[in-house]
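1. Give me coordinates for this.
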Amino acid sequence: MGGWTGAEELNVILWKDAMGDVAVVASLTERRKNRKKDDDDD
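-> Numbers count the residues shown, from 1 in each chain. Predicted structure coming up:
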């Protein structure tokens, strides 16, 4: 598949398994910046 990481590729595989030929939403494959951890995140 594209230049995806293993997790992104797995997301696409699971999406296609569940949704069939419905287009994969971009939020499954877009790269996310690491969130800065807040004091209240545990």
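
2. Count the residues that sit near Phe29.
-> Heads up, residue 29 is Thr, not Phe. Residues lying near Thr29 (other Cβ atoms under 10 Å) number 17. C-beta coordinates here come from the backbone N, C-alpha and C atoms, glycine included.

3. need the strands for the protein, in chain order.
-> Under the criterion DSSP state E, the chain carries no strands.

4. what ranges do the helices span in it?
-> 6-19 (DSSP state H).

5. Output the below-cut-off pLDDT ranges for it.
-> 1-2, 4, 31-38, 40-42 (pLDDT under 70).

6. swap the cut-off to 90 and go again
-> Low-confidence segments of the chain (pLDDT under 90): 1-16, 21-42.

7. and the nearest residue to Thr29 once chain neighbours are set aside, how far is that from Glu30?
-> Distances taken as Cβ to Cβ, 6 or more residues apart in numbering put Glu8 closest to Thr29, at 5.2 Å, once the chain neighbours are dropped. Separation of Glu8 from Glu30 (Cβ to Cβ, to the nearest Å) stands at 9 Å.

8. which of the two has more neighbours?
-> Taking neighbours as other Cβ under 10 Å, Glu8 and Glu30 compare with Glu8 leading, 17 against 8.
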